[in-house]
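A.B. asks: Based on what follows, work out the 3D shape:
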Amino acid sequence: MDAVRNLKANLKLENKPCGWCQTGLQIGEDASVCTSCEKEHHQRCWDNKAGCSTAGCVNAPLQRLDAPARPGVPAVAALAPGSMYCPNCRTVIAIGSDLCPLCRAVTSPDGIYHGPRFNAPGSAAALTFGIIGLFICGVIFGPLAISKANSAKRMIAQDPTLTGGGMATAGLVLGIIDLVFWAIFMLIRFGTMR
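C.D. replies: Purely as a prediction, here's the structure:
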């Protein structure tokens, strides 16, 4: 289905304000009517703005990456060849960069990090401490596993280059199991001493 219906302005459209320039349409002018929300526009305004003026309309123009800076952020100069703006902080970065070096935002068009990934510091240690705690000193290794797992999970949430969430989660679960087993063991031991 077409996004726009182009026609000459008729009596029905006469004096209706253009969604972009707010000037009334005159009979015989080239007009464009959005097929989704039925908003009227001058054809030249529709073409210049690349779509419907109604916010949220499916035929509204897509937001441009080279749009003016946000309020409070200074305007940026023209880009050098091979450069682009970070979609998050508007820093000039090289085209093809996986991450913005300033704000660590993913810069790929699909929003998914495609570069190399590394295990988060502490994710393997959390799993190791959790396993050790099943056999000896669960009261010591359990909290260590939980602490390392929580630290690794925080780092993974903040940095898309880090992975190891599965190991961190396993270490967290094992750390909790270590503490539960230790508590049960102590209850049984004190129960038999009476």
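A.B. asks: Nearest spatial neighbour of residue 132, chain-adjacent residues omitted?
C.D. replies: In this structure, residue 132 finds its nearest non-sequential neighbour in residue 141, 4.9 Å apart by Cβ to Cβ, 6 or more residues apart in numbering. C-betas here are computed from N, CA, C, even on glycine.
A.B. asks: can you tell me which residues contact that neighbour?
C.D. replies: Neighbouring residues of residue 141 by Cβ atoms under 8 Å, 6 or more residues apart in numbering: 129, 130, 132, 133, 175, 178.
A.B. asks: try 10 Å this time
C.D. replies: Residue 141 sits next to 128-135, 174-175, 178-179, 182 when contact means Cβ atoms under 10 Å, 6 or more residues apart in numbering.
A.B. asks: Show the model's pLDDT score for it.
C.D. replies: Per-residue pLDDT puts residue 141 at 91.
A.B. asks: That one - that's part of a helix, no?
C.D. replies: Yes: applying DSSP: H, G, I helix; E, B strand; the rest coil, one finds residue 141 inside a helix.
A.B. asks: residue ranges with poor pLDDT in the protein?
C.D. replies: 1, 63-78, 109, 194 (pLDDT under 70).
A.B. asks: Could you chop it up by domain?
C.D. replies: 4-49, 63-115, 118-193 (automatic domain parsing).
A.B. asks: of all those, which lies closest to residue 57?
C.D. replies: With Cβ to Cβ as the criterion, residue 57 lies closest to domain 4-49 of these, at 4.8 Å.
A.B. asks: so how far is the closest one from its chain's centroid?
C.D. replies: 36 Å (Cα atoms, centre = their mean, to the nearest Å).
A.B. asks: Could I get the full set of helices for this structure?
C.D. replies: For the chain, the helices defined by DSSP state H occupy 43-49, 123-135, 138-158, 165-193.
A.B. asks: Return the shortest one as PDB; C-alpha atoms alone will do.
C.D. replies: Spelled out, it's helix 43-49. Output in PDB follows, covering the C-alpha atoms of helix 43-49 (Å, rounded to 0.1, in the frame of the first residue of the first chain):
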ATOM      1  CA  GLN A  43       3.400  17.800  -2.100                       C
ATOM      2  CA  ARG A  44       6.600  19.800  -2.000                       C
ATOM      3  CA  CYS A  45       6.600  19.800   1.800                       C
ATOM      4  CA  TRP A  46       6.000  16.000   1.900                       C
ATOM      5  CA  ASP A  47       8.800  15.500  -0.500                       C
ATOM      6  CA  ASN A  48      11.200  17.800   1.200                       C
ATOM      7  CA  LYS A  49      10.600  16.300   4.700                       C
END
